[in-house]
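> Predicted model, plus sequence, below.
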Amino acid sequence: MKGTNKTILVPTDFSKVAEYALQHAVRVSNVVKEPISILHIVQSEAEVGVAMEKLNEVIASIKYKYGVTPNPIVRIGSIFSDIANVANEINASIVIMGSSTIKDMDENRVSWTLKVITSCKVPFVTIQEPPVNKRYDDVVFPIDFTSENREKHEWISYFSDYYLSRFHLIKPSVNDPELLAKIDINMASARKFLDQKGAKYFEYTAPGVKPYDQEILEMAVNIRADLIVIMTTPLDKEGEFIVEPLEQYILANSRHIPVMSVNPR
């Protein structure tokens, strides 16, 4: 993925968690050498001027603190469609957005966060806290039985090229021979990508005592993971996606681990 003309998109509502997202974007930008664009969406033309003033204030602060000058974008529209539209227009590699933990999110907020994520063709990284480490050294890849699960393995190249990450492949504990065979195929696919990149990786089987999502998070905490990569789930033939309860739990996790969500093609 090196050498591509990409940019990092950060939607902002000028909240504290949006500021954290910018900090994460600066960290990523310093490694991958991609510029940052900050997007604020308004509902009317009358709001554009004030929004641009606020964005310029944020940019001045980021430039002073980190020596980085993001590109401001104000768009009239809806967060449910225009974050994705802008990401496509500016050739974004990823979108980094502030989110909240499950305990802080009401049903409506969970719903709109997931709707924004699943509208976008490029991966979303949702964060809740300022960055702790400068790099994604330890990346957790949950492995399941779906064919779409293999698509996220292409991101092994991204993390290997830029971060020399260690990968932690976690598969569920299942007894069904058919499901186990599909999981093993996905594990073999991940292993192949990793071996081709010469990457360091570890394989785990979740204990199977608690729900898989809870065990993934507990294992990610013990690993001290810097990122968890998940796939969203296809909804229908019209190309829409959903985030299953397992994915929702990880996405809005209370352990404050950043989560990359990838929509299958």
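Looks like it arrived, so ask away.
> all strands in the stretch 1-150 of the chain, in order from the N-terminus.
7-11, 36-42, 71-76, 92-98, 124-127, 138-142 (DSSP state E, counting those that start in this stretch).
> right, and those - which one's nearest residue 262?
strand 124-127 (8.2 Å; C-beta to C-beta). Using the backbone N, CA and C atoms, a C-beta is placed for each residue, glycine as well.
> I'd like to know which elements that closest one is packed against.
Applying 3 or more C-beta pairs under 8 Å, 6 or more residues apart in numbering; DSSP states H and E, we find strand 124-127 packed against helix 16-32, strand 92-98, helix 107-118, strand 259-262.
> Throw the strands of the stretch 1-150 of the chain into TSV and include mean neighbour count and distance to residue 115, thanks.
TSV is the format used below for the strands of the stretch 1-150 of the chain (neighbours: other C-beta atoms under 10 Å; distance: least, C-beta to C-beta, whole Å):
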stretch	mean neighbour count	distance to residue 115
strand 7-11	25	13
strand 36-42	21	14
strand 71-76	17	17
strand 92-98	24	12
strand 124-127	24	11
strand 138-142	25	22
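> Worst mean pLDDT among the helices and strands packed on strand 124-127?
Mean pLDDT values for the helices and strands packed on strand 124-127 show the minimum at helix 107-118, a mean of 62.
> Can you flag the weakest of the strands of the stretch 1-150 of the chain by average pLDDT?
strand 124-127 (a mean of 88).
> That strand pairs with which strands, and in what direction?
Paired strands of strand 124-127, with direction, are strand 92-98 (parallel), strand 259-262 (antiparallel) (DSSP bridges).
> Now do the first one against strand 36-42, angle only.
To tie it back to what came earlier, the one meant is strand 92-98. 60 degrees (axes from the mean of the first three to the mean of the last three C-alpha atoms, to 10 degrees).
> Now strand 92-98 - C-alpha only, CSV.
Taking Å, rounded to 0.1, in the frame of the first residue of the first chain, the C-alpha atoms of strand 92-98 are listed here in CSV:
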residue,chain,number,x,y,z
ALA,A,92,-9.0,8.6,2.0
SER,A,93,-7.1,5.6,3.1
ILE,A,94,-8.9,5.4,6.5
VAL,A,95,-11.3,7.4,8.5
ILE,A,96,-10.4,8.1,12.2
MET,A,97,-13.4,9.1,14.3
GLY,A,98,-14.0,9.6,18.0
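> So what touches it?
1, 4, 6-12, 15-22, 24-25, 28, 32, 34, 37, 83, 86-87, 116, 120, 122-128, 260 (C-beta atoms under 8 Å, 6 or more residues apart in numbering).
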